[in-house]
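Engineer: Pasting a predicted model and its sequence here:
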Amino acid sequence: MFRSGLARTGPNGDRLAPLARGGAAVKLATFNINGIKARLEALPAWLDRARPDVVALQEIKSPDAAFPRTLFEDLGWQVETHGQKSFNGVALLSRMPLEDVTRGLPGDDSDEQARWIEATVIGEAGAVRLCGLYLPNGNPVGFDDAGQPEIGGKYGYKLDWMARMRARATELLATEEPVVLAGDYNIIPQAEDAARPEAWAKDALALPESRAAFRRLEHMGYYDAFRLREPGPGHYSFWDYQAGAWERGNGIRIDHLMLSPQAADLLRDAGIDRDARGGEKPSDHTPVWIDLAA
DNA sequence: ATGGTTGCGTAGCAA
């Protein structure tokens, strides 16, 4: 694949499309910041260090009116929020023009949780439809006498939400434009995406029904960008604040950028910004990023 | 097995 950092082949071994003008790549990232108020130092510091062009944020835990919009606008970012008081909330920060911004995941008008935002990123050599998502956690899960998860409550909401996401992902695939689905999926796709997979066996993040819903996205043609770059184990994007998970290396990979075939053809590189978890007053997640020719 | 921590908002839930 891209191990050398020099090979330019896509998922099917095809040569990739030409680079954007001047050889520049567009860096898109996803970052669950776990509260914008708590990250007013760490987030700008990471933006300055990592220099992404567009960032999908999750868990801003803020209504739109309380988001520190001007702080980021003064730093040169276009700010689009879809917030909610205390919980959830997603946003997009962009140095490139964003157009056709929409808020909320279609399919259930009664759903008041702020977990989905879309925009078209206007690049020099083309546009990308970017979806920023915060997929429901789904815990706690109840189990019946046969040991099967009870599909109701929070876990039912997670699976229903994933069915709605699949419907929207299907619509976007039909456009045949580059699409990036970036966010906190609250899904550990495979055993090698956890340091202690056995500890997650009955958790909503790793149950077979959760993984099957994630695989459906792959089977319809969305590629896990990080896995195109790095197939091996030991790469995580979340370490719990509790029980010294970070110090013990007890992480999981749950933040993902899924690429439509047209977006996968533009992929140059992908990675996890592990260092962000070790700084001063960090989020419990760390950013995941891709470089696209776009 | 249990408890361990952080954020929001100022109690107790969510993760």
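Structural biologist: Here it is on my side, so go on.
Engineer: Please give the number of neighbouring residues around residue A:63.
Structural biologist: For residue A:63, the neighbour count with other Cβ atoms under 10 Å is 14. Where you see a C-beta, it was placed from the backbone N, CA and C, and this is true even at glycine.
Engineer: right, I mislabeled it, should have said residue A:242
Structural biologist: Neighbour count for residue A:242, taken as other Cβ under 10 Å: 8.
Engineer: Contact partners for the residue of the stretch 1-150 of chain A found nearest DNA strand B?
Structural biologist: Taking Cβ to the nearest atom of the strand, DNA strand B has its nearest neighbour within the stretch 1-150 of chain A at residue A:35, 2.4 Å off. Going by Cβ atoms under 8 Å, 6 or more residues apart in numbering, residue A:35 touches A:59-62.
Engineer: next one: residue A:44
Structural biologist: Contacts of residue A:44 by Cβ under 8 Å, 6+ apart are A:71-72, A:75.
Engineer: Most neighbours of all the residues you listed, which one?
Structural biologist: Among those, the one with the most neighbours (other Cβ under 10 Å) is residue A:72, at 19 neighbours.
Engineer: And residue A:135, how far from residue A:257?
Structural biologist: Going from residue A:135 to residue A:257 by Cβ to Cβ, to the nearest Å gives 13 Å.
Engineer: List, one by one, the residues from the stretch 101-250 of chain A near DNA strand B.
Structural biologist: Listed as neighbours of DNA strand B in the stretch 101-250 of chain A under the rule Cβ under 7 Å from any atom of the strand: A:136-137, A:139, A:154, A:186, A:241-243.
Engineer: Tell me which entries of the residues you listed lie within helices.
Structural biologist: Among these, DSSP state H puts residue A:154 in helices.
Engineer: Mark which of the residues of the stretch 101-250 of chain A next to DNA strand B are buried, thanks.
Structural biologist: Buried subset of those (neighbour count, 16 or more other Cβ atoms under 10 Å): A:136-137, A:186.
Engineer: could the residues you listed be laid out in TSV, adding pLDDT?
Structural biologist: TSV is the format used below for these (pLDDT from 0 to 100):
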residue	pLDDT
A:136	98
A:137	98
A:186	98
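Engineer: Next up, the contacts around residue A:204.
Structural biologist: Residues near residue A:204 by Cβ under 8 Å, 6+ apart: A:137-141, A:154-155, A:158, A:186, A:210.
Engineer: so how far is residue A:118 from residue A:54?
Structural biologist: Using Cβ to Cβ, residue A:54 is found at 12 Å from residue A:118.
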